[in-house]
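Participant: What shape does this take:
(2 chains)
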There are 2 protein chains.
Amino acid sequence: MSSRPPAESTPREGAAPAPLTLRDTVRPADAPRVEQIVRETGFFHPEEVLVARELVETFLAQGPASGYAFLFAEREGVTLGYACYGPIPMSDRRYDLYWIATAPQAQGGGIGKALLLAVEADVARRGGARIYVETSSKPLYAPTRAFYLRAGYRLEATLPGFYADHDDKLIYTKYLR
Amino acid sequence: MSSRPPAESTPREGAAPAPLTLRDTVRPADAPRVEQIVRETGFFHPEEVLVARELVETFLAQGPASGYAFLFAEREGVTLGYACYGPIPMSDRRYDLYWIATAPQAQGGGIGKALLLAVEADVARRGGARIYVETSSKPLYAPTRAFYLRAGYRLEATLPGFYADHDDKLIYTKYLR
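Facilitator: The predicted model follows:
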């Protein structure tokens, strides 16, 4: 699977940016790269960073039976972002977007949006009816929450103080059909 | 760890029931027994039954590093119920009660309540501040919901249609301090 973003409407000086490609295969080198991307965003605890890497390793060991699917966004062979998602066990066509992250040096370039659209397209192709995603109420995550709302997700439930005192879990969802 | 239920206030005919004991160690034989208990309750999909067994196997392979803790309720050496719980990753002193189940032939005897109280005591001992537990809105789970409410849990959030159309996820919590 691959896709390209729309051409820039106002060409800038210098070379046009290399095209963004999306890859749905998983390679051993993705484990350390995912760890690096997730760590460098500054949005995640060290414990979370390790979980992100472990999910890649679980997929490498078990394949699709792991319950995880991945999309990697690349430019000139460099992985700049990724998403990890999969069917919610014991649910009927509900999917969870477990991770979506873009390397700091590539943020603001639409990579997150391209990944999210590609995840939604793949989930729809698999027959998925809804996507769920969780985030925190802390100010640090305001851009994350705005990102989901712009993409058509809505706040479905709030768990006050779920992560810690004054740090709520917010659960967003988008119905695909 | 072990505990006994209060003595029966009205002795019944025949021998008094053997005392209930609780065990927090995990043995290889617990994996098939958990699978059997969970399956025989009739409350869980085949996929869920396998997940329940896998958590035991994960603990057997990884120990407490798995993030899971177990309590088994036994009478005369027969395991009649169990609970699986653990700290919620990336949270501050929040715990999840992943599984609690009693064998059908032993239901109505207070084993679930004894397990739940022992889980709460152990979570408190570990410094846990809250316990979360999830269940379904379907009529089949009405006794489960009543069980949590009687035990002091309150409904914290609802995710409409999370499991399937007309099958909501209900999230209960109890604050331990």
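
Participant: What values do phi and psi take at residue A:108?
Facilitator: Backbone torsions of residue A:108, given as degrees, to the nearest 10, read phi 90, psi 0.

Participant: Endpoints of stretch A:162-170, how far apart?
Facilitator: End-to-end distance for stretch A:162-170: 9 Å, by Cα to Cα, to the nearest Å.

Participant: hmm, I was thinking of stretch A:100-108
Facilitator: End-to-end distance for stretch A:100-108: 14 Å, by Cα to Cα.

Participant: what secondary structure does residue A:26 sit in?
Facilitator: coil (DSSP: H, G, I helix; E, B strand; the rest coil).

Participant: From the contact counts, what lies against the helix ranked longest in chain A?
Facilitator: Longest helix in chain A, counting residues (DSSP state H): helix A:46-62. Using 3 or more Cβ pairs under 8 Å, 6 or more residues apart in numbering or on different chains; DSSP states H and E, the elements in contact with helix A:46-62 are helix A:30-41, strand A:78-87, strand A:94-102. Where you see a C-beta, it was placed from the backbone N, CA and C, and this is true even at glycine.

Participant: got a list of what residue A:131 touches?
Facilitator: A:85, A:94-97, A:119-120, A:123, A:153, A:173-174, A:176 (Cβ atoms under 8 Å, 6 or more residues apart in numbering or on different chains).

Participant: Residue A:38 contacts residue A:99, correct?
Facilitator: Yes - here residue A:38 reaches residue A:99: they are 7.3 Å apart, a contact under Cβ atoms under 8 Å.

Participant: joint contacts of the two?
Facilitator: By Cβ under 8 Å, 6+ apart, the residues touching both residue A:38 and residue A:99 are residue A:52.

Participant: Point to the residue nearest the middle of chain A.
Facilitator: Nearest to the mean C-alpha position of chain A, counting by Cα atoms, centre = their mean, stands residue A:100 at 1.8 Å.

Participant: That one is in contact with residue A:114, isn't it?
Facilitator: No - when contacts are counted by Cβ under 8 Å, residue A:100 is not listed as touching residue A:114 (10.7 Å).

Participant: got a list of what residue A:66 touches?
Facilitator: Residue A:66 neighbours (Cβ under 8 Å, 6+ apart): A:55, A:58-59, A:86.

Participant: Going through those residues, which ones are buried?
Facilitator: A:55, A:59, A:86 (16 or more other Cβ atoms under 10 Å in any protein chain shown).

Participant: Dump those to a markdown table, plus pLDDT.
Facilitator: Below are the buried ones among the contacts of residue A:66 laid out as a markdown table (pLDDT from 0 to 100):
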| residue | pLDDT |
| --- | --- |
| A:55 | 97 |
| A:59 | 97 |
| A:86 | 98 |
